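Enquirer: Need coordinates for the following:
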Amino acid sequence: EVQLVESGGGMVQPGGSLRLSCAASGFTFSNYDMSWVRQAPGKGPRWVSSVNTGGGTTYYADSVKGRFTISRDNAKNTLYLQMNSLKPEDTALYYCARGNRLYVLGNRRSWGQGTQVTVSS
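Expert: A predicted model of the protein is given here:
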């Protein structure tokens with residue numbers, strides 16, 4: 001059974017940082033591109049970032065470019081999202097997802113259960 005378990009969310013003040021982790025199991029992690037997707041209250045899901053299988057190629061939404069860094073550790077079957085300079089508009093439920101940008105936006109079942117990030121003073 002494919003499992004994606006996110007952790008690391010929480011409440012932080014604007015300008016602060018958080019590091020999200022996603023523990024993957026039930027599939028060969030190193031064979032899949034991985035992504036982060038977020039969904040703010042009352043809004044549709046938005047793609048955040050993706051990384052290729054080896055971790056050497058990364059992609060970011062314009063809204064997070066320069067502030068967020070996606071990475072992966074294939075030996076630990078874990079995906080990360082380092083989030084710096086957080087803004088209130090980053091508040092959302094963040095999902096780890098198996099696949100590239102196009103795939104994960106069309107396949108909700110490829111996501112984990114999510115971790116809440118709240119940016120507020």
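Enquirer: Can you pull the phi/psi pair for residue 104?
Expert: Main-chain dihedrals, residue 104, degrees, to the nearest 10: phi -70, psi -30.
Enquirer: Just the endpoints, please. Distance across stretch 62-73?
Expert: One end of stretch 62-73 sits 24 Å from the other (CA to CA, to the nearest Å).
Enquirer: Distance check, the residue nearest the centre of the chain against residue 84.
Expert: Residue closest to the mean C-alpha point of the chain, counted by CA atoms, centre = their mean, is residue 36 at 2.7 Å. Counting by CB to CB, to the nearest Å, the gap from residue 36 to residue 84 is 14 Å. In this view, the C-beta of every residue, glycine as well, is placed from N, C-alpha and C.
Enquirer: circling back to that earlier point, and the residue nearest to the centre of the chain, what is it in contact with?
Expert: Counting by CB atoms under 8 Å, 6 or more residues apart in numbering, residue 36 touches 20, 47-50, 70, 79, 81, 94-97.
Enquirer: Pick the one among these closest to residue 120.
Expert: The shortest approach to residue 120 among the contacts of residue 36 belongs to residue 94, at 15.6 Å (CB to CB).
Enquirer: my guess is the closest one meets residue 45, correct?
Expert: No. Contact between residue 94 and residue 45 fails when scored by CB atoms under 8 Å: they sit 10.5 Å apart.
Enquirer: other SSEs contacting the helix or strand of the chain with the lowest mean pLDDT?
Expert: Here the helix or strand of the chain ranked lowest by mean pLDDT, DSSP states H and E is helix 101-106, holding a mean of 93. Packing partners of helix 101-106 (3 or more CB pairs under 8 Å, 6 or more residues apart in numbering; DSSP states H and E): strand 34-39, strand 46-51.
Enquirer: on that earlier part again, residues that sit against both of residue 94 and residue 45, list them.
Expert: Counting by CB under 8 Å, 6+ apart, the residues touching both residue 94 and residue 45 are 37-38.
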